[in-house]
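>>> this one's sequence-less:
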C-alpha cells in the first residue's frame, strides 16, 4: 500500500475538488484541482481519456471494459459530467436550471441545508452531487442538445453492451433496462441519496401526474435482510423517516410525499417458489408416465408476490442498494473454469438482474438507480475483476471520503520490529499462517483453540492492547456503548476457533467433567470470574450468509450457538414481554447483529464480533474501532468492503473551533488492499541432470555399517515423592519477534496521526501468575503416571521449578516480547517439554527419561540406503570411512565437513543422514515433530561411541529445541538402554572452519572414556 501526505478538505460539504486559499485582498479563491475521480484507497483502475466521435455524437471509452466493437472506461464520463454539473450548479438564476418547479424547490432546500449549521447532519457534497447527476440526466440533458445527448447515448451504449443477454445485442437507441450507477464510499450516506431520489421523483409525479419522466412507485432491492430492514427509514410514515429526521423534504411537501408507494425487498425474493409443497413420492404418483407436473410459480406470480402495493403501477423506479451484486456475466467462447464461490456469485447476480427484467416485462421499469461503494464487476463475471460498471455516472471513492473526513481514518501496519526488515507481517497475516490453519472440522472433532498459530495470538494481543486503551477512554468519557472489535475469518471452523480463544469455551475432560477455559482477551470473555456464563455475551459469532438469505439457520450453527441465542431471546422477552411474539433463532441473531452499538437494544453491549466470511454489507454499526482479518482477501473489492465495516463515524458533531469533524480512527490488521497476482513467466527448457545411484557398498564395506536405534518417543520414570531438576545443561529460551510475531507495530493511514501498538498491557501479568498457570498445565497435561492420571501431589514441586526457571535468567525476552506470552499454549508446551528433559531422580542425580523404540522396526542401519539423485551437491566418500558410496549434502559447508571426516584420525566411520531414516522426536509449538541431524560419526575408542553432529550456519528457535531435545532427552534415554553403545551430540556453528570445534568435541568424549 502506498501512503501519501494529503490535506484534509476544509469541509465534507464543499466540492471535493476545491481547496480554499486567500487572494492578496484576503478573499477566498476556489482553486479547482483536476484529480482523477476513479481513485480509491487501495489502488486506481487503469485510466484513459475519452474521445468524442463527431459522426455519432457519442462517447467511446478506451480500455477496461471491452467488446469486439465498443470499449468503455466510465472515468472519462464521470469527469466530463462533473464539469457539466459545475457549470450548471453555478448558474445564478434558478430559471436557467431547466428543471421543474418542484425540482427547483428541492435543490434550493438541499443547498440551504448544506449551510445550516443547526442541522445535525447536513447533506454531504457527494450526496447532493449524485442526486444532481440524476436530475441533470433526466431533466436537463434532453434540453441542452448535443451536450446532453452525448451522455444519454453513452448510457444507452453502456447498458446495451454490458447487459446484453446470451450475446444478443439489444436496441442501441434505448436499452430495455436503463441503469444509472452512483459510486458512494462506505459511510458517505447512500440511504440519504435514496431518500433524496425518492423525494424528487415522487413529488414531481404527484404534482405532474401526466409526466412520463417521474414515478411515485418505487421498488428498493437490497442484497440481504439486514439492509432490507434498515431501509425502512425510506418509508415516509416510518418513525425514523429520513425525510423528517434529516429534513430532506420541506414540511409543506410531506403530505404529497405520503402518496408515494414504496416496497423494500431483498433480491432472494425474485427466486421462483413452489406454489404447492408436494412430497417426492406423491409427485411421482401424480406424474405417472406422463409429463411432469409444475408446482413452480410463474414469472407473473413472482412479480405479483414481490410487488405487493405496486401491482398495477406502470414505469416504476427501481433502486438497487449494494448494486455490484446485480449484473449479467459477459458471454465468452469456450469452457469456463469457475470456483464454487464464483459460480454462486454469478447465480446470485443473474437472479437479481433477471428479477428486475421480469418486472420490466410485466409492469415496466422507468429507470434503475444503482448505488454502491464498489460498483465493480466481480469474479466470475467474465469482465476484468474490479472493472467499474460502465453506467457509473458519479464517483466518490473511499479516498475522497477519507480526505473529506466523513468517515473514520483507517490505519494499517506500515512497519514492525521483525528482523527481516521487509515484510510487515500483520499487513497480510494470512500469507504467513494460512497453511497452518485448519480447512474445516472433520466430523465431531473440533480444532483446539489454544493451537492457533503464535503469530495470530501475538497480533491479537497487540491490537487488543490498543482496543483496551480505547475502551477505557470511552468508558471514562461516558460514550454509553463500547467500541467494537471485528474478526473476519474464512470459514466456520476458524471463526469458532477464534471466538473460543477470545471469549472462552467449555470442554469435557477424561472424567466427563465439564470445565471452562477462559478467553485470552479479558474484555471479550463470555464467562465471569466464577466460570459462569454471562447473561449477555460480550463476543458473538455471526454467519452473515445464513442470516441474510432469510433461510433457517444451519442446524450445526444453531447448536453451536444455542446458549447465546437463548440468552438474547430471554433478554428480548424480558424487554418486550408478550409483544415479542414467537421469535425465530434467525430473527434473534439478526436483531443482535443489526443493533450492535445501539443503546437500549439487544446488541448494545457487544464488544467483539467474529464473522464467518464477511460481515454483511449495509451493517451500519458506527462504534467499530478495530478489525482483525484472518483470511485471504483476494480482491480490492473485498478489502474495501471489509474495511468499510469500520469506517462509519460515531459522531458528526462539528468542532466549534475548527469547524470540522473530530478525527476518528479505525485500526486494521490482516487486510492488505494490494493483492496483485504474479505475472506468468515463460518456463525455458532445461537439460536433464545426470542421475547417480546412492547405496551401501556391500559386502566390501560392511565393517563400516552404522547402526542406530529408532526412537519413537520418550517416557519418564517419576520418583514417588518429589521431582528435581538440573538446569546446567539447559540453554536460554529466547523469545524474539521473529519467533512470536511482531511486538511493535506502527499503524498509519494515508493521512492522520500514526500510533504504535505494543504488548505493553501484558506487563500487568505477574510472574507468580505466569508460573502458576504453566505449572498447572505441566501437572495436568504432562506429569502423568502410566494410567494417565495427573500427579497432582507434584504440583508444589512443579510450581517451584517453573518459578525457579523463570528467575534463573534462562528466559530471555527481547525486542518487546513479554513473559506473559509463555501462556500461549504452544509456548507453554515447549517450556514444559524442556523442563521434562531437565528432570533428574534427585538433586545432582541422573536423568529419569527413557526411550520408547519403534515396536516394528527398533533399529536402522546404513545397510538400507539405496536411492537415486540428480543433486550436484554430493561428495565421493573415502571407501575406508563410509559404508555408502556417495555423501549427498545440502550445502557447501556440509561437503567440506565430509572431506574433513575422510581424513580425521579419530573417525572410524561416518554417514550423512540423507534417506538414512535417523530421526529425533521433539516438540515444537505443542506439535510432535521429527528432527534429522546431519551426520553420524563412529569414533576410534574402546567403548563403541557415536557422535551425532549438526553443522549449522544460522541458528533459530527451532534449532535450539532440536539441540535441547537431542542433548537432554534422546542421548540420556538411548545411553540408558545400554545396547547401542555410548552416544553424544555436538552442534558445530563455525561454518568457515569446523575442525577446531570437532576436535574439541571428540577430545571431550575420549577424556570421558579414560576417566570412566
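Nice, I can see it. Worth saying up front: this structure is predicted, and the values here are computed from it rather than measured.

>>> the residue sitting nearest the centre point of the chain and residue 645, how far apart?
Closest to where the C-alpha atoms of the chain average out (C-alpha atoms, centre = their mean) is residue 629, at 3.0 Å. From residue 629 over to residue 645 the distance is 11 Å, taken as C-beta to C-beta, to the nearest Å. Bear in mind the C-beta positions are built from the backbone N, C-alpha and C, glycine included.

>>> ditto for residue 905
71 Å.

>>> compare neighbour counts for the two and give me the winner.
When residue 905 and residue 645 are compared for neighbours, residue 645 comes out ahead with 26 against 6, by other C-beta atoms under 10 Å.

>>> for that one, grab phi and psi.
Main-chain torsions, residue 645, degrees, to the nearest 10: phi -60, psi -20.

>>> picking up where we left off before, checking the residue nearest to the centre of the chain next. Helix, strand or coil?
strand (DSSP: H, G, I helix; E, B strand; the rest coil).

>>> residue 774 too?
Residue 774 ends up helix, using three-state DSSP.

>>> just to revisit the earlier point, leaving out sequence neighbours, find the closest residue to the residue nearest to the centre of the chain.
Excluding the flanking residues, the one nearest residue 629 by C-beta to C-beta, 6 or more residues apart in numbering is residue 670, at 3.3 Å.

>>> how is residue 857 assigned, secondary-structure-wise?
Of the three states, residue 857 takes coil under three-state DSSP.

>>> isn't it right up against residue 712?
No - under the criterion of C-beta atoms under 8 Å, residue 857 is not in contact with residue 712, lying 9.7 Å apart.

>>> which one of those two is surrounded by more residues?
Using other C-beta under 10 Å, the more surrounded residue of residue 857 and residue 712 is residue 712, with 15 against 11.

>>> what are the phi and psi values at that one?
phi -90, psi -30.

>>> give the contact list for the closest residue to it other than its chain neighbours.
Among residues not flanking residue 712 along the chain, residue 854 sits closest, at 4.7 Å (C-beta to C-beta, 6+ apart). Going by C-beta atoms under 8 Å, 6 or more residues apart in numbering, residue 854 touches 710-712.

>>> separation between residue 854 and residue 182?
Residue 854 is 69 Å from residue 182, by C-beta to C-beta.

>>> quick one: the strands in the stretch 301-450 of the chain?
316-321, 365-372, 392-396, 409-416 (DSSP state E, counting those that start in this stretch).

>>> tell me which of these lies nearest to residue 1009.
Nearest to residue 1009 among those is strand 409-416; the distance by C-beta to C-beta comes to 50.8 Å.

>>> residue 845 against residue 724, yeah?
Yes - assessed by C-beta under 8 Å, residue 845 is found in contact with residue 724 at 7.2 Å.

>>> distance across stretch 861-868, terminal residue to terminal residue?
In stretch 861-868, first residue to last residue: 18 Å (C-alpha to C-alpha, to the nearest Å).

>>> show me what counts as buried in stretch 852-869.
Within stretch 852-869, the residues that count as buried by 16 or more other C-beta atoms under 10 Å are 853, 860-862, 865, 869.
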